[in-house]
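Participant: Have a look; sequence and predicted model below, questions after that.
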Amino acid sequence: MMNSMNVPSKRSTLERKLDKLILALFATLFIMCLIGAIGSGIFINRKYYYLSLDKAVATEFNPGNRFAVAALTLFTLITLYSTIIPISLYVSIEMIKFIQSTQFINKDLHMYHAETNTPALARTSNLNEELGQVEYIFSDKTGTLTRNLMEFFKCSIGGEVYGSGVTETELGGAQRNGIKVQEVRKSSTAIHEKGFNFDDHRLMRGAWRNEPNFDACKEFFRCLAICHTVLPEGDESPEKITYQAASPDEAALVTAAKNFGFFFYRRTPTMIHVRESHVEKMGKIQDVAYEILNVLEFNSTRKRQSVVCRYPNGRLVLYCKGADTVIYERLAGGNDDLKKVTRAHLEQFGSAGLRTLCLAYRDLSPDTYESWNEKFIQAKSSLRDREKKLDEVAELVERDLILIGSTAIEDKLQEGVPACIETLFRAGIKVWVLTGDKMETAINIAYACNLINNDMKQFIISSETDAIREVEDRGDQVEIARFIREEVKKELKKCLEEAQHYLRTVSGPKLSLVIDGKCLMYALDPTLRVMLLNLSLNCHSVVCCRVSPLQKAQVTSLVKKGARKITLSIGDGANDVSMIQAAHIGVGISGLEGMQAVMASDFAIAQFRFLTDLLLVHGRWSYLRICKVITYFFYKNLTFTLTQFWFTFQTGFSGQRFYDDWFQSLYNVIFTALPVIIVGLFDKDVSASLSKKYPELYKEGIRNVFFKWRVVITWAWSSVYQSLVFYHFVTISSAGGKNSSGKIFGLWDISTMAFTCVVITVNLRLLMMCNSITRWHYISVGGSILAWFLFIFVYSLLRENVFFVIFVLMSTIYFYLSALLVPVVALLGDFIYQGIQRCFFPYDYQIIQEIHRHEPDDNTRAGLLEVGSQLTPQEERSYALSQLPRELSKHTGFAFDSPGYESFFAAQLGVYAPQKAWDVARRASMKSKPKTPKRN
């Protein structure tokens, strides 16, 4: 419950800019009304004798009180011109976003992970278009870039390295340097199971007893078997037992202890039972029960975990495991050679991309323990600042430790991560990795991910320098803080000057920054953070290592607020929640570290590589569509309102309506509503495959090309031009017109004709702005125009002021010429502008359209279904799963899916759907109750 928190409400940047546009429309409305009000106050005059203004008249027509006339007219015109405010725009956008999320993102087969049966999940529809403008990605490493499938790979015990093999990171480094690595053959004693991929005959099957440091080996294995919070499940045999751990690392360490002959098989609230082999002599197996007296749990601040246990012979021992930085600070004096050798081994493991932990222990006397335990009990029962007091008490006992060795766990990269990051770089997106791993590990993982390469200029700001270590050895905390701060300031200034020098050169290298958590703590100081921000923004990639969850959030906020760039954070664990919530967009990986990150995120995916589809396809399409929806709404409402505005000048600013009330009410609701929604759902400039083939197209969204004030002004000029055409062409051409009975056209005849031209033109203008036109576009546009005619046919029979108007108009040639020529003239300007723009000032996507205009677009969902015979078995299975009726259940959250619900429907359709991991875990934790016979 401590990690659970409410997801903050987020609004997209486009929505905030839309608010400014609405304010501009309100300002325009006020100016139009003010012009009309002033004109009304001036126009009212007794010289217009035919208006009978010399007699007693109402206040709004009294020439003797022009201010009252202007004020009352102002309110009248506000009502008359209120259509300029697109109230239905927000409703339409929310509808479009909801459908985009539920039907397009959630059901995209390219973001469906078959191994875990996990589709993408949009947990909010507010940020769809924000996905198309991301410039900075902040990523966790473990479980996000890597698989989070931890395997015990190597270890260092008593100054000796054990384990053989080459990691993926080492292979990648060797390939970069042109070195051919020989494949290491597994020995006959090698064991490979989930969580354990270790090969060294010196430790396996009791051979460790023959090592010179066998006592250290024994303490090492016992620390692995005792210092944890793992729960065993299943039969108490090495082959069938399973471990439920808070993290995959813990499970891997306990699995390693089992394979080394220290089999942890049972836990009670106060005891841990370990089956030890080969301890006293080869081949002897004995069950040993260790009493667990205290557990000092791991957290992101402590970065370590300790257990105080009592041996059967009464020995009191504190076992501690944690990050090398915190363990080394608490080691007892002496054993300098062992510390130095182990530190070298840690750097070696880190260079190979392995996750490292240090193991240490301390023997406690009964008096020492009893004295400390009293303080521990008091802190544990405290009602205020309990966590802080427990940490302070833990510091009292976690000192004077004796170093045993270190572990090295391999976490392999996810499939497609290097290619994904390279594609994101081409799209103009900068990727930062924020991890708690050692600097060497983080750098090598960055190399393996293509985040950093040898062509880049690297700036490394580290606290692991000789000068800083020398100051730390003195132990003066005030002096240490002052010295590190000055060193960080000096390094930041030096790196920033060098970066600016490289940026001024024409062919300078790309830059990368690597900084550790201790230096970052001082760099985030208000006096240095501007320098850090400037340096970071000039770098192509940034790696922050040894950082805490709070620092992850601080770095994200630094770029979000300091640089005002759109940010995305992606992680898979509870320690990533603060970072996910601090960014504009939070993406959770539904991995092996629980669902905290997913439940706090805005979007959830199963693999990092799915970011390519989420951003470059769905994000870019959503941005383009929403921009078109907003600008089109602005255009059609302004065009309609301006025709009424021009009419006001011919009515003495009296507030006389040009259109019938129902025309005005149904304009946005029926006659122009559906086509714009179709554009928001189906418009597409290039296919999904081309969006990923040319990721540079994404840069248009980063630059916000399609929703600048320049674009809005262009649409505004189009509205002014078209409204003048509608009003003046219709009114002037009808001046001498007569109907079949010889009568001239009246107000409602002309306004009905003008409204017909408006409806036809704005709907046809929508087709001109579409990049792809489907049958739904034709149906919606044709249906909207047809709806107008059906409405006016019926309405003109019921309403007195427009009685039989449409029938009278349609009996004249004037109606047909106006309905044909006025839209042509009105759209002529847009046609010329679009032609010049596309030929001489094309957008990037228009160039790609021309290159591939003869290629069929078969990448749509409909296209995928039509070529079903060409699908691979895996694609057929994925599609079949996506059609299962799981969306019909109101329990759509991952954490509350009904067990077996999806598999049941899959079985009905003859498709195999594996159980979800959390369902399997839930069932495993539920013991079946014995059946009791019913009594008669």
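Facilitator: That came through fine.

Participant: Give me the phi and psi angles of Gln458.
Facilitator: phi -100, psi 130 (degrees, to the nearest 10).

Participant: Point out where this protein drops to low pLDDT.
Facilitator: 1-8, 45-64, 172-190, 592-594, 736-743, 857-936 (pLDDT under 70).

Participant: Could you rerun that using 50?
Facilitator: 1-5, 858-871, 883, 885-936 (pLDDT under 50).

Participant: biggest strand in it by residues?
Facilitator: strand 285-296 (DSSP state E).

Participant: got the angle between the helix or strand that it is followed by and strand 285-296?
Facilitator: Tracing the chain past strand 285-296, the next element assigned as helix or strand by DSSP states H and E is strand 304-310. On the basis of axes from the mean of the first three to the mean of the last three CA atoms, to 10 degrees, strand 304-310 is oriented at 120 degrees to strand 285-296.

Participant: what packs against the top helix by length along the chain?
Facilitator: The longest helix of the chain (DSSP state H) is helix 13-43. With contacts defined as 3 or more CB pairs under 8 Å, 6 or more residues apart in numbering; DSSP states H and E, helix 13-43 has these neighbours: helix 66-80, helix 620-648. For the C-beta atoms, the positions are set from N, CA and C on the backbone; glycine is no exception.

Participant: what comes up buried for the shortest one?
Facilitator: It stands for helix 66-80. Of all the residues in helix 66-80, those buried under the rule 16 or more other CB atoms under 10 Å are 66, 69-74, 76-78, 80.

Participant: In the stretch 201-350 of the chain, mark out all the strands, start to finish.
Facilitator: Secondary structure of the stretch 201-350 of the chain (DSSP state E, counting those that start in this stretch): strands at 231-233, 242-244, 262-267, 271-277, 285-296, 304-310, 316-322.

Participant: Just put those in CSV and tack on mean neighbour count.
Facilitator: Formatted as CSV, these follow (neighbours: other CB atoms under 10 Å):
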stretch, mean neighbour count
strand 231-233, 15
strand 242-244, 16
strand 262-267, 19
strand 271-277, 18
strand 285-296, 16
strand 304-310, 22
strand 316-322, 23
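
Participant: Looking at those, which is nearest to Lys510?
Facilitator: For these, the distance to Lys510 is smallest for strand 316-322, at 35.7 Å, taking CB to CB.

Participant: got a list of contacts for the closest one?
Facilitator: Contact partners of strand 316-322, identified using CB atoms under 8 Å, 6 or more residues apart in numbering, comprise 222-223, 226-227, 253, 293, 298, 302-311, 327, 330, 357-366, 369, 397-398, 401, 407.

Participant: mind running it again at 7 Å?
Facilitator: With contact meaning CB atoms under 7 Å, 6 or more residues apart in numbering, strand 316-322 is reached by 223, 226-227, 303-311, 327, 357-364, 366, 369, 397-398, 401.

Participant: Can you say which of the residues you listed are buried?
Facilitator: For the contacts of strand 316-322, buried by 16+ other CB under 10 Å: 223, 226-227, 303-310, 327, 357-362, 364, 369, 397-398, 401.

Participant: same for the longest strand of the chain, what does it pack against?
Facilitator: Applying 3 or more CB pairs under 7 Å, 6 or more residues apart in numbering; DSSP states H and E, one finds that strand 285-296 makes contact with strand 271-277, strand 304-310.

Participant: and of the helices and strands packed on helix 13-43, who's closest to Val341?
Facilitator: helix 620-648 (52.8 Å).

Participant: What residues does the residue lying closest to Gly132 once chain neighbours are set aside make contact with?
Facilitator: Once flanking residues are discounted, Gly132 sits nearest to Tyr623: 2.9 Å by CB to CB, 6 or more residues apart in numbering. By CB under 7 Å, 6+ apart, the contact list for Tyr623 reads 129, 132-133, 701.

Participant: Alpha carbons of the longest strand of the chain, in CSV - could you do that?
Facilitator: Taking Å, rounded to 0.1, in the frame of the first residue of the first chain, the C-alpha atoms of strand 285-296 are listed here in CSV:
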residue,chain,number,x,y,z
ILE,A,285,23.2,-34.0,4.1
GLN,A,286,21.7,-32.4,7.2
ASP,A,287,18.7,-30.2,7.8
VAL,A,288,19.6,-27.1,9.8
ALA,A,289,17.0,-24.7,11.4
TYR,A,290,18.1,-21.1,11.7
GLU,A,291,16.2,-18.8,14.0
ILE,A,292,15.4,-15.5,12.4
LEU,A,293,15.6,-12.8,15.1
ASN,A,294,15.4,-9.6,13.0
VAL,A,295,14.9,-8.6,9.4
LEU,A,296,16.2,-5.2,8.3
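
Participant: partners of that strand, with directions?
Facilitator: strand 271-277 (antiparallel), strand 304-310 (antiparallel) (DSSP bridges).

Participant: what's in contact with stretch 676-691?
Facilitator: With CB under 7 Å, 6+ apart as the criterion, stretch 676-691 contacts 92, 95-96, 99, 616-617, 620-621, 624-626, 628-629, 632-633, 697, 766, 770-772, 774, 776-777, 780, 845, 848-849, 852, 857, 859.

Participant: Between the two ends of it, how far is it?
Facilitator: 23 Å (CA to CA, to the nearest Å).

Participant: try stretch 701-717
Facilitator: By CA to CA, one end of stretch 701-717 lies 24 Å from the other end.

Participant: what does stretch 847-858 contact?
Facilitator: Contacts of stretch 847-858 (CB under 7 Å, 6+ apart): 685-687, 690, 694, 697, 867.

Participant: mind running it again at 6 Å?
Facilitator: Under the contact criterion CB atoms under 6 Å, 6 or more residues apart in numbering, stretch 847-858 has outside partners 686-687, 694.

Participant: related to what we said a few turns ago, and of the helices and strands packed on strand 285-296, who's closest to Ser88?
Facilitator: That would be strand 304-310 among the helices and strands packed on strand 285-296, by CB to CB, at 57.5 Å.

Participant: when you compare where the closest one runs with where strand 316-322 runs, what's the angle?
Facilitator: 160 degrees.

Participant: of all the helices and strands packed on helix 13-43, which lies closest to Gly655?
Facilitator: The nearest among the helices and strands packed on helix 13-43, by CB to CB, is helix 66-80 at 3.8 Å.

Participant: if we can go back for a sec, can you redo the contacts of stretch 847-858 as CSV with secondary structure, neighbour count and distance to Ser541?
Facilitator: Listed next are the contacts of stretch 847-858 as CSV, based on DSSP: H, G, I helix; E, B strand; the rest coil; neighbours: other CB atoms under 10 Å; distance: CB to CB, whole Å:
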residue, secondary structure, neighbour count, distance to Ser541
Val686, coil, 25, 27
Ser687, coil, 20, 29
Tyr694, coil, 19, 22
